[in-house]
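A.B. asks: Below are the sequence and a predicted model; questions follow.
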Amino acid sequence: MGTQQKLATAGIGPGDEVVVPSFAGPGPADAVRGTGASPVFADIHPGSLCLDPASVAAALTSRTSAVVYVRLFGFPLDLTALQSLAASRGLLLVEHSTATPADDPERRRANAAYFNARLTGVVTPVTGPGGRHGYHSYVVRVPGNGRPDRDAFARALRARGVPCHVPVQTPVHRLPSYRRELWLPETERGADECLALPVGSDLSRRELQRIVSACNALGGPLPAAAA
């Protein structure tokens, strides 16, 4: 059952508000709008890149009926805190499922562990309790002056033969169809700094070494004009 159907089955519709992440695709917000309810955007936790329970709590109003969360990039978010918050306010808690890679998850984790131990100049993903992470995407942060440095770093990697992409180009609350006069600092920072590197199970050891060498050779963020 999809997110919209789950919400509609619970009786959520016009006049209701549903808290969703802005640092994600528009799918959760679209599902909320499809019921006639209004999406309300909350910020992310800087480590998990998933909904921050504290920001969710701050976004609640008397009209809030549900919270929709996403396990973005495979990180095991703080579900316990969200469940406790939802239970205390009588809210429906719904997971918005996203497509996961159709390859060997253990190999992806092994590739991610290789990167975690060797990459320098970027901030590698944090893991959950016990080192848990699905690594649906391997998303690093490029420190520096935000988007210009991240984009220059990405161009330099591509020039060295390393495919990479920006996982969230524009937060949903900045899209024309959902424009809000809203400041979500961690969401904005994530959109400016995050970069997804290849991590698929089809990568050979030589390819892993090449990715690490290319990243580390850049020595961290580059001036926007350097690449």
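C.D. replies: Received, thanks.

A.B. asks: remind me which residues of this protein are low pLDDT?
C.D. replies: Per-residue confidence for the chain (pLDDT under 70) gives these ranges: 129-131, 219-227.

A.B. asks: Strands of that one, start to end?
C.D. replies: Under the criterion DSSP state E, strands of the chain are mapped to 17-21, 38-42, 64-69, 92-95, 138-141, 194-197.

A.B. asks: could you dump those strands to JSON lines with distance to Val162?
C.D. replies: Bear in mind the C-beta positions are built from the backbone N, C-alpha and C, glycine included. As requested, the strands of the chain are arranged in JSON lines below (distance: least, CB to CB, whole Å):
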{"stretch": "strand 17-21", "distance to Val162": "28"}
{"stretch": "strand 38-42", "distance to Val162": "32"}
{"stretch": "strand 64-69", "distance to Val162": "31"}
{"stretch": "strand 92-95", "distance to Val162": "32"}
{"stretch": "strand 138-141", "distance to Val162": "12"}
{"stretch": "strand 194-197", "distance to Val162": "7"}
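
A.B. asks: Take those and write them to CSV, including distance to Pro53 and mean neighbour count.
C.D. replies: Compiled in CSV, the strands of the chain are given as follows (distance: least, CB to CB, whole Å; neighbours: other CB atoms under 10 Å):
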stretch, distance to Pro53, mean neighbour count
strand 17-21, 10, 28
strand 38-42, 9, 22
strand 64-69, 9, 23
strand 92-95, 11, 18
strand 138-141, 21, 22
strand 194-197, 21, 21
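
A.B. asks: Give me the distance from stretch 180-191 to the chain's centre.
C.D. replies: Using CA atoms, centre = their mean, to the nearest Å, the mean C-alpha position of stretch 180-191 is found 13 Å from that of the whole chain.

A.B. asks: Same question for stretch 107-124: list its buried residues.
C.D. replies: By neighbour count with 16 or more other CB atoms under 10 Å, stretch 107-124 contains the buried residues Arg108, Arg109, Asn111, Ala112, Tyr114, Phe115, Asn116, Leu119, Gly121, Val122, Thr124.

A.B. asks: So what's the residue count around the residue nearest to the fifth one when sequence neighbours are not counted?
C.D. replies: Going back to what we said before, that points to Tyr114. Nearest non-adjacent residue to Tyr114, counting by CB to CB, 6 or more residues apart in numbering: Leu208, 5.3 Å away. The burial count assigned to Leu208 is 17, neighbours taken as other CB atoms under 10 Å.

A.B. asks: Make 41 the first number, not 1, from now on.
C.D. replies: Got it, the first residue is 41 from now on, which makes the last one we talked about Leu248.

A.B. asks: which residues of this structure fall in helices?
C.D. replies: Taking DSSP state H to define them, one finds helices in the chain at 43-49, 67-75, 93-99, 119-129, 145-158, 187-199, 225-233, 245-258.

A.B. asks: Among those, which comes closest to Tyr175?
C.D. replies: Ranking the helices of the chain by proximity to Tyr175 (CB to CB) places helix 145-158 first, at 4.4 Å.

A.B. asks: what is the orientation angle of the closest one with helix 245-258?
C.D. replies: 30 degrees (axes from the mean of the first three to the mean of the last three CA atoms, to 10 degrees).

A.B. asks: related to what we said a few turns ago, I'd assumed Phe155 was in contact with the residue nearest to Tyr154.
C.D. replies: Yes - taking contacts as CB atoms under 8 Å, Leu248 lies within contact range of Phe155: 7.4 Å.
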